[in-house]
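[1] heads up, no residue letters with this:
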């Protein structure tokens, strides 16, 4: 596995009509919200029932037809690479015991690949993490998936966004309606409807606005399908909120630009999303997905009814 320091120049051409086939998954964050559990374990490896959160995200990318997946990692993230690698000793032990179900589960994660890895040398924000994928992505549209947002596999959000990107040739963000009092935790979009279309034009974006300054209650969540023009925008984007290079700021520039790769569009998502970015959201995700499992879901729901009473 090769790791790269991300600083390079790339020429962007028109990607209108190109097939989206690459995914970038930034996983270099420190996971401070979950300390001390994440002191020695990446937050993306926290289990959601019996699989780590990152596996759900990789599965979503592959289900959507993305055959080339790049993880942007950082220090102390080796467990992520190990999870998607073969484990011969463990597999041999399970095979010897005749535990076929567990053996299949262990081998499944290593069969999702091949995955690629690039290290983000410094934690300079989401925009910088995406920029670290420039050399791997090249001159073609690509998806970005954030591990804190899990999208139910019955909702084909990513496939819809990929179709919109192919039709428009711009960049596409996923939007949800939130309580106005929650908008300061998100990037926020000001939009216009497009007649006859089920997606919208994004006129402007602002990162984590106050309630008073928010242009809407439409929040950007962790799914993007981006034109490679975003890389040039990121290269010239100064650090913004929290001293980090914000992807939202680069997309704001594309939203008001002209020419190849300009324009930002939104898909308003009303499906099932599980926010594992904070402790309460994480617990809700675990309980919701566990309650739907055939082997113990009914027992769990029966226990919960007794517990809450």
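    In hand now; what should we look at? Since the model is a prediction, treat every value here as computed from it, not as a measurement. Numbers count the residues shown, from 1 in each chain.
[2] What are the buried residues along stretch 160-177?
    Buried positions in stretch 160-177, judged by neighbour count with 16 or more other CB atoms under 10 Å: 160-166, 168-176. C-beta: built from backbone N, CA, C; applies to glycine.
[3] can you pull out the strands in this protein?
    For the chain, the strands defined by DSSP state E occupy 22-26, 47-48, 51-52, 68-73, 115-119, 142-145, 149-151, 171-177, 187-193, 200-207, 218-226, 264-268, 273-275.
[4] want to try CSV for these, with mean pLDDT and distance to residue 102 as columns?
    Below are the strands of the chain laid out as CSV (pLDDT from 0 to 100; distance: least, CB to CB, whole Å):
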stretch, mean pLDDT, distance to residue 102
strand 22-26, 96, 26
strand 47-48, 94, 15
strand 51-52, 94, 13
strand 68-73, 95, 25
strand 115-119, 93, 22
strand 142-145, 97, 27
strand 149-151, 93, 23
strand 171-177, 96, 35
strand 187-193, 93, 41
strand 200-207, 92, 43
strand 218-226, 95, 31
strand 264-268, 96, 38
strand 273-275, 91, 25
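[5] Let me know which of those strands is the nearest to residue 107.
    Evaluated with CB to CB, these place strand 51-52 nearest to residue 107, the distance being 13.4 Å.
[6] Direction included, what does that closest one pair against?
    strand 47-48 (antiparallel) (DSSP bridges).
[7] dump the residue contacts of the closest residue to residue 253 other than its chain neighbours.
    Counting by CB to CB, 6 or more residues apart in numbering, residue 253 lies nearest to residue 233, which is 4.8 Å off, once chain neighbours are set aside. Contacts for residue 233 (CB atoms under 8 Å, 6 or more residues apart in numbering) come out as 250, 251, 253, 254, 257.
[8] Restricted to buried residues, select these in ChimeraX.
    Under the burial definition 16+ other CB under 10 Å, those of the contacts of residue 233 that qualify are selected in ChimeraX by:
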select :250,251,253,254
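[9] Nearest to residue 136, out of the contacts of residue 233: which one, please.
    residue 250 (18.0 Å).
[10] Go ahead and confirm the closest one touches residue 229.
    No. Taking contacts as CB atoms under 8 Å, residue 250 lies outside contact range of residue 229: 9.4 Å.
[11] count of neighbours near the residue lying closest to residue 33 once chain neighbours are set aside?
    Of all residues not flanking residue 33 in the chain, residue 278 sits nearest, at 5.8 Å (CB to CB, 6+ apart). Neighbours of residue 278 under the rule other CB atoms under 10 Å: 13.
[12] ok so, going back, relative to residue 244, which of the buried residues of stretch 160-177 is nearest.
    Taking CB to CB as the measure, residue 244 sits nearest to residue 173 out of the buried residues of stretch 160-177, at 18.2 Å.
[13] which residues sit in contact with that closest one?
    Residue 173 touches 189, 202, 205, 220, 223, 224, 251, 264, 265, 266, 267, counting by CB under 8 Å, 6+ apart.
[14] same check, this time on residue 244
    123, 124, 125, 126, 127, 128.
[15] can we see that at 6 Å?
    Neighbour list for residue 244: 124, 125 [criterion: CB atoms under 6 Å, 6 or more residues apart in numbering].
[16] Give me the pLDDT value at it.
    Looking at residue 244, its pLDDT stands at 84.
[17] Same check on residue 260?
    85.
[18] try the one 3 residues further on
    pLDDT recorded at residue 263 is 92.
[19] What about it, how many residues nearby?
    For residue 263, the number of neighbouring residues by other CB under 10 Å comes to 19.
[20] go on, residue 19?
    By the measure other CB under 10 Å, the count of residues near residue 19 is 12.
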